[in-house]
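Please find the sequence and the predicted model below.
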Amino acid sequence: MGTFFLVAGSILITIAAIVHVYFFTLESLTWRNPKTWKAFGLPSQEHAEIIRPMAFNQGFYNLFLALGSLIGLALLGINSTVGYTLMIFASACMTGAGAVLLFSVKKSRKAAIIQAAPPLIGVLFVLIGMSL
């Protein structure tokens with residue numbers, strides 16, 4: 001039974017990492033594309049240019065969190081304690097950032113849930129699996 005939760009949690013954390021790589025792509029690589037900045041609710045290219053340095057930086061935060069989860073996943077076969085610890089830490093940071101977004105930007109509730117739910121459930125599953 002513990003194995004089911006560990007595998008399910010690892011899959012959810014992997015999904016969260018993929019979502020965060022996607023956020024990185026939007027915020028750091030395709031930000032100047034009107035489709036991208038409009039998705040973030042910006043009214044014009046001028047506004048997008050003002051926000052661009054912050055979005056670029058935020059994109060890298062998302063990339064680093066994703067890498068933390070993916071490196072943790074890769075380490076499971078070498079040292080499961082280190083792997084799960086890294087996965088849990090990076091995912092807890094993703095969840096925390098999603099919670100901040102949820103409570104600070106009312107228009108971004110859907111985005112916050114997309115950002116926070118998979119890593120939160122993934123962490124809970126991993127912790128349950130480790131305790132069984």
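In hand now; what should we look at? Predicted model, so just to flag it, every value in this text is computed and none were measured.

Could you pull out the buried residues of the helix or strand hosting residue 57?
For residue 57, the element it lies in under DSSP states H and E is helix 45-75. In terms of neighbour count (16 or more other Cβ atoms under 10 Å), helix 45-75 has its buried residues at 48, 51, 55, 58-59, 61-63, 65-70, 72-73, 75. For the C-beta atoms, the positions are set from N, CA and C on the backbone; glycine is no exception.

As a check, name the ranges of all helices in the protein.
Ranges of helices within the chain are 2-24, 34-39, 45-75, 80-104, 109-131, based on DSSP state H.

want to throw those helices into a markdown table with mean pLDDT?
Converted to a markdown table, the helices of the chain look like this (pLDDT from 0 to 100):
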| stretch | mean pLDDT |
| --- | --- |
| helix 2-24 | 97 |
| helix 34-39 | 94 |
| helix 45-75 | 97 |
| helix 80-104 | 96 |
| helix 109-131 | 96 |
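
what's near enough to touch the residue nearest to the spatial centre of the chain?
Nearest to the geometric centre of the chain sits residue 20, at 4.0 Å (Cα atoms, centre = their mean). Residues near residue 20 by Cβ atoms under 8 Å, 6 or more residues apart in numbering: 62, 63, 65, 66, 69, 94, 115.

In TSV: these, plus distance to residue 100.
Formatted as TSV, these follow (distance: Cβ to Cβ, whole Å):
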residue	distance to residue 100
62	13
63	18
65	13
66	18
69	18
94	11
115	10
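
Among those, which one sits closest to residue 4?
In terms of Cβ to Cβ, no member of the contacts of residue 20 lies closer to residue 4 than residue 69, at 19.7 Å.

Would you mind measuring from the nearest residue to residue 101 once chain neighbours are set aside to residue 102?
Leaving aside its sequence neighbours, residue 101 sits nearest to residue 112 (Cβ to Cβ, 6 or more residues apart in numbering; 4.0 Å). Distance of residue 112 to residue 102, computed by Cβ to Cβ, to the nearest Å: 4 Å.

again with residue 65
Residue 65 sits 17 Å away from residue 102, going by Cβ to Cβ.
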